[in-house]
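Peer 1: fold the stuff below for me.
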Amino acid sequence: MNETSDLTPKERQALKSAVEIERGRKACEAEEIAEVKAMSKRKIFDDMMEGAAAMKSHREDEITLRAYNVEATPLPKVDSKLIPGTRNRLHCSRTVFARKLGTNERTLEKREHGRAKPSPQGAAIVLLVRKYPDTLERLERRLAFVPSEAHQRDKRIPSSRQFNR
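Peer 2: Residues are numbered from 1 along each chain as shown. Model prediction:
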C-alpha cells in the first residue's frame, strides 16, 4: 500500500511541495558544479590577452568589433504587499527574513508598510527569492565562504595587551 494514503490532502500537498523544492535544489547544485568545472577549465589570462589584442586592432582600424545597443529593461515594481507575501510564503519571521536578505529589520518593516521602497538591487533579490525560494540558502552558502571582518582582525599581529592575558 502507498505510504501517502494515510495523509490528509494538505499534508500530501506539503509533501509534494517539499519534493519539488528538493528537486530544484539538486538541479541548482548540479548547475553550480558544472559552472565551477567550466570556469576551472578556462584559461582566463589567455582570454584577457585575446581581448586586449582585439581592442588594439580595433583602435588601429584593422578590425571592426560588433557593437550592441542594449536597452535596460525596468524591473517589475515591488510593492508593499509583495514583500510580506514572499516572507510568509517562506514561513520566515521578519527578523529572519531581513537577516537572510542582509538588511535591517526596521528597513524591511518600512518596506512592508510602504514607507520606503527597495533599491533596484533589493527589488531584484526579493523577486528572485519569490520565484526561486532556494536563493536565500544559496546566498548563505556563498557568503559563508567570505571571511568576516572579525576573521580578518584575528589574522592581524596580536598586540602586546593580548600576550599579557
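Peer 1: where does the chain dip in pLDDT?
Peer 2: Low-confidence regions of the chain, defined here as pLDDT under 70, cover residues 1-5, 39-42, 63-65, 143-165.
Peer 1: mind giving me the domain ranges of it?
Peer 2: Per automatic domain parsing, the domain ranges recorded for the chain read 3-59, 82-146.
Peer 1: JSON lines for these, including mean neighbour count and distance to T73?
Peer 2: All C-beta spots, glycine's among them, are computed from the backbone N, C-alpha and C. Listed next are those as JSON lines, based on neighbours: other CB atoms under 10 Å; distance: least, CB to CB, whole Å:
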{"stretch": "domain 3-59", "mean neighbour count": "10", "distance to T73": "24"}
{"stretch": "domain 82-146", "mean neighbour count": "15", "distance to T73": "11"}
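Peer 1: looking at these, which is closest to V70?
Peer 2: Distance to V70, taken as CB to CB, is lowest for domain 82-146 among the domains of the chain, at 16.2 Å.
Peer 1: how distant is that closest one from the center of its chain?
Peer 2: 10 Å (CA atoms, centre = their mean, to the nearest Å).
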